[in-house]
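> For reference, the sequence and a predicted model appear below.
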Amino acid sequence: MNDGLRSGGSRLLVQFRARALQRRFEDGKQAQKEYGDVVGRKYVQRIQLIRHARSLDEVMALPGLRCHPLKGNLAGKYAVDLTGFVRLIFSLTEGDVITIERVSQHYGD
């Protein structure tokens, strides 16, 4: 899905793998309905933080996100924690474009 959202300046561009992921970001109530109150709120908050970052390094340095590269069959993608067992998975392409891939249970992929 190529409906990128740029927050201005030289900040990261965020796009969504699926239209449903974008709708959940744009309407936090949909995110809470899909993921539950806590995860839904954190889903929106985490994407807002990513949108305001200028680089992946800046995202990785943000406290509490635990942004890290993934391994194995998810190599080349990154994750940030939403809760202890739920994470937001995204990829980075050239040109500082972040693609939100999915929300998943950690260890349940």
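Yep, that arrived.
> in the lengthiest helix in the chain, what's buried?
Longest among the helix segments of the chain by residue count, using DSSP state H, is helix 37-52. If you call a residue buried by 16 or more other CB atoms under 10 Å, then helix 37-52 has these buried ones: Val39, Gly40, Lys42, Tyr43, Val44, Arg46, Ile47, Leu49, Ile50, Arg51, His52. In short, each C-beta sits where N, CA and C put it, glycine included.
> so who does the first one touch?
The reference is to Val39. Residues in contact with Val39, defined by CB atoms under 8 Å, 6 or more residues apart in numbering, are Ala31, Leu82, Thr83, Val86, Val103.
> Count the neighbours of the first one for me.
So the one you mean is Ala31. By the other CB atoms under 10 Å criterion, the neighbourhood of Ala31 contains 23 residues.
> returning to that earlier point: avg pLDDT for the longest helix of the chain?
Confidence over helix 37-52, taken as the mean pLDDT, stands at 96.
> Brilliant, that's me finished.
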